[in-house]
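1. Dropping a prediction and its sequence here:
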Amino acid sequence: MSAVRLEQVSVHFGRTVALAGLDLEVAVGETLALLGPSGSGKSTALKAIAGFLRPSGGRVFLGGEDVTDLPPHRRGLGVVVQSYALFPHMRVFDNVAFGLRARRAGRKEIERRVTEVLELVGMAGFRDRYPRELSGGQQQRIAIARALAIRPPVLLLDEPLSALDAALREDMIAELLRLRAELPDTAIIHVTHDQGEALALADRIAVMRDAKLVDIGPARELYQRPPSAFTASFLGSANLLPVRVLDIGADTGAQVRLGSLTLRAETTGTMLAGQEATLGVRPHRLTVHAEAAGGLPARLVGVQWRGNGFRLDLELDGLGPARAEVSTMDGLPALGERVGVTVADGCPLVPAGGAR
Ligand SMILES: Nc1ncnc2c1ncn2[C@@H]1O[C@H](COP(=O)(O)OP(=O)(O)OP(=O)(O)O)[C@@H](O)[C@H]1O
């Protein structure tokens, strides 16, 4: 049985359609990331599951039970939002005990359970502090402990790391991975617009756009073989380059023509020789060099230093803009000059439709 199931859930705010007939199923113990650009409906989907808003249509099931008409506190879920939302006047212990007290748990059970979840998030020594005496990361750990105290079968996380700085976010990703391993029966739905977070944490990723689900699948599969151009560019920032399919091999993939280059490409779905198609080329799969060295002729129109390397904006002759990532600028022509660009073999062909 699934932990969460949405059947054709729609949410309208006046004339805005925030969610358009979403079907979604999350298994017991599974971590699903809801990924998509701002305004795509991720938070709305999460709020419909939590019961914070009532769908205009469709049904929400938890553990097989129809909870569409139940208020949030009767759904028994753990919820963590971006801005910790701890009670400022309560010590850590009382914050974490809140849900248990609301459920009239006994004093001994509260003591045992709060101690247990504070240990789980590595905050056992902080039980007597007030939220203002904690760092952002520590507050977010307490918010997670508070959500887990009632042993919810489903944990809903709405951008829980977005208020944290980059280094802390890395720590918290490691923390959430550890937590996930310790809670094998808890389903987690994690709303994020950060593809790195989704790839690191999720078993499956659901990509949303304009109130709809675009693609859903195992994280690695979606990344390596994106089923749509939108997912290719959103999950991995792929350049979408026009190619012609020259030949399809049984298991060697396809041979494609990109400008003056002939390349080997991975196929998804059915492709036919002679067909026009789109190649999804991630920035690190482009190599940039002097124009005389061959490849696709282009102009270098932007250079950004990113600490661990450079991001290059290119204008490919006749093919449009593309982005590359290189570790060094040594030996590369200067900004504004002509360059040659080569593309690695093995990039995926992306089915037509759903372009950026
Ligand atoms: N309470 C509301 N009243 C009116 N419109 C709303 C309300 N909440 C959300 N919307 C609209 O619904 C759409 C989906 O919003 P939602 O918050 O679900 O997006 P999101 O994908 O979570 O975005 P973000 O990543 O920016 O949080 C947006 O167009 C938004 O403006």
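-> Great, that's in hand.

2. Give me the contacts around the strand or helix carrying residue 191.
-> In this structure, residue 191 is located in strand 187-192 according to DSSP states H and E. Outside strand 187-192, the residues that touch it by CB atoms under 8 Å, 6 or more residues apart in numbering are 3-4, 26-35, 42-43, 45-46, 49, 153-162, 180, 197-198, 201-202. In this view, the C-beta of every residue, glycine as well, is placed from N, C-alpha and C.

3. Next: stretch 82-101.
-> By CB under 8 Å, 6+ apart, stretch 82-101 touches 109-110, 113-114, 117-118, 123, 126-132, 134, 136, 139-140, 142-143, 145-147, 149-150, 158-160, 162-163.

4. Please see if it touches the ligand.
-> No. Judged by CB under 6 Å from any ligand atom, stretch 82-101 stays clear of the ligand, getting no closer than 8.5 Å.

5. how deep is the residue in the stretch 51-200 of the chain that the ligand sits nearest to tucked in, by neighbour count?
-> Residue nearest to the ligand within the stretch 51-200 of the chain: residue 193 (4.8 Å; CB to the nearest ligand atom). For residue 193, the neighbour count with other CB atoms under 10 Å is 18.

6. residues contacting it?
-> Counting by CB under 8 Å, 6+ apart, residue 193 touches 35, 36, 37, 38, 42, 159.

7. what does residue 310 give?
-> Applying CB under 8 Å, 6+ apart, the residues near residue 310 are 303, 304, 325, 326, 327, 328, 329.

8. Tell me the one among the residues you listed nearest to the ligand.
-> In terms of CB to the nearest ligand atom, no member of the contacts of residue 310 lies closer to the ligand than residue 304, at 24.1 Å.

9. Determine which residue lies closest to the centroid of the protein.
-> Nearest to the geometric centre of the chain sits residue 198, at 3.2 Å (CA atoms, centre = their mean).

10. What helices and strands are in contact with the helix or strand where that one lies?
-> Element membership for residue 198 (DSSP H and E) is helix 195-201. Judged by 3 or more CB pairs under 8 Å, 6 or more residues apart in numbering; DSSP states H and E, the packing partners of helix 195-201 are strand 31-35, helix 166-182, strand 187-192, helix 219-224.

11. any idea how far the closest residue to residue 28 other than its chain neighbours is from residue 17?
-> Computed as CB to CB, 6 or more residues apart in numbering, the closest residue to residue 28 that is not its neighbour in sequence is residue 3, at 4.8 Å. Using CB to CB, to the nearest Å, we find residue 3 at a distance of 26 Å from residue 17.

12. These two - which one has more neighbours?
-> With other CB under 10 Å as the criterion, residue 3 and residue 17 differ in neighbour count, and residue 3 comes out ahead with 25 against 17.

13. Give me the contact list for the strand or helix carrying the residue nearest to residue 28.
-> Taking DSSP H and E as the definition, one finds residue 3 inside strand 2-13. The set of residues external to strand 2-13 that reach it, using CB under 8 Å, 6+ apart, is 17-30, 41, 44-45, 48-49, 53, 55-64, 153-154, 187, 189.

14. Next secondary structure after it?
-> strand 16-27.

15. Can you list the helices and strands that that following strand packs against?
-> strand 2-13, helix 42-50, strand 57-62, strand 187-192, strand 212-218.

16. Would you mind checking the contacts of strand 187-192 for buried ones?
-> For the contacts of strand 187-192, a burial check counting by 16 or more other CB atoms under 10 Å picks out 3-4, 26, 30-35, 42-43, 45-46, 49, 153-161, 180, 197-198, 201-202.

17. If we check the ligand, which of these are in contact?
-> 42, 43.

18. Now do the SS call for the closest residue in space to residue 146 that isn't next to it in sequence.
-> In space, and not counting its chain neighbours, residue 146 is closest to residue 96: 4.8 Å by CB to CB, 6+ apart. In terms of secondary structure, residue 96 is helix; the call rests on DSSP: H, G, I helix; E, B strand; the rest coil.

19. Alright, I will stop here.
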